[in-house]
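Novice: Just need the structure, nothing else, for what follows:
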Amino acid sequence: MVFWLAWFVALNVLWLALISAFVFEEAVLGLFASALAATAAVAVREQRLVRFRPRMRWLLGIRRLPWDSVRESGWVLGALWRLLRGKEVRGRFRTRRVELPYDAAESEAKRALLIVGESFAPNTYVLGIDERNGEMLFHELIARPDE
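Specialist: Numbers count the residues shown, from 1 in each chain. The predicted structure follows:
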């Protein structure tokens, strides 16, 4: 019950944040959606089909996501402006080294968090992670300077 309640609260808070304006009907719909999603999460957990063991230190990078989103939105809008004026815009594929834990549940959690975190901003999309070589492949709509 604790696991279900934790999912329900987290998903409902996310729902309320995403609707951006409190409307009673949408808030009620969010309660039903959160309950359904929490029930699905519990069902998956009970079947042990997915093992997910994140570490709190992995979430430290989340603080940069709002800034990355704003910055990359500017890049994408600038590229759209260049395209509308008939100029060329180039994207590219890149790889980055990632270190994954040996524990399977931790590795799955870290891969999921890396994919969501790196794909959050509008310029970058993660295509996959090669576990054997420890590399993440992603595409940038607008090639950004090397970091």
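
Novice: which non-adjacent residue is nearest Ile115?
Specialist: Leaving aside its sequence neighbours, Ile115 sits nearest to Val126 (CB to CB, 6 or more residues apart in numbering; 4.6 Å). (Glycine included, C-beta is placed from N, CA and C.)

Novice: Give me the distance from the helix or strand containing that neighbour to the chain's centre.
Specialist: For Val126, the enclosing helix or strand under DSSP states H and E is strand 124-130. In terms of CA atoms, centre = their mean, to the nearest Å, the centre of strand 124-130 is found 11 Å from the chain centre.

Novice: That one: which residues count as buried?
Specialist: 124, 126, 129 (16 or more other CB atoms under 10 Å).

Novice: report the longest helix in the chain, please.
Specialist: helix 24-47 (DSSP state H).

Novice: and the residue nearest to Ile115, what is it in contact with?
Specialist: Contact analysis of Val126 by CB atoms under 8 Å, 6 or more residues apart in numbering lists 114-115, 118-119, 136-138.

Novice: what's the closest of those to Arg48?
Specialist: Comparing those against Arg48 with CB to CB picks out Ile115 as the nearest, at 21.9 Å.

Novice: Can you check the pLDDT for the most centrally placed residue in the chain?
Specialist: For the chain, the residue nearest the mean C-alpha position is Val116 (2.2 Å; CA atoms, centre = their mean). Note for Val116: predicted pLDDT of 90.

Novice: Nothing else from me, thank you.
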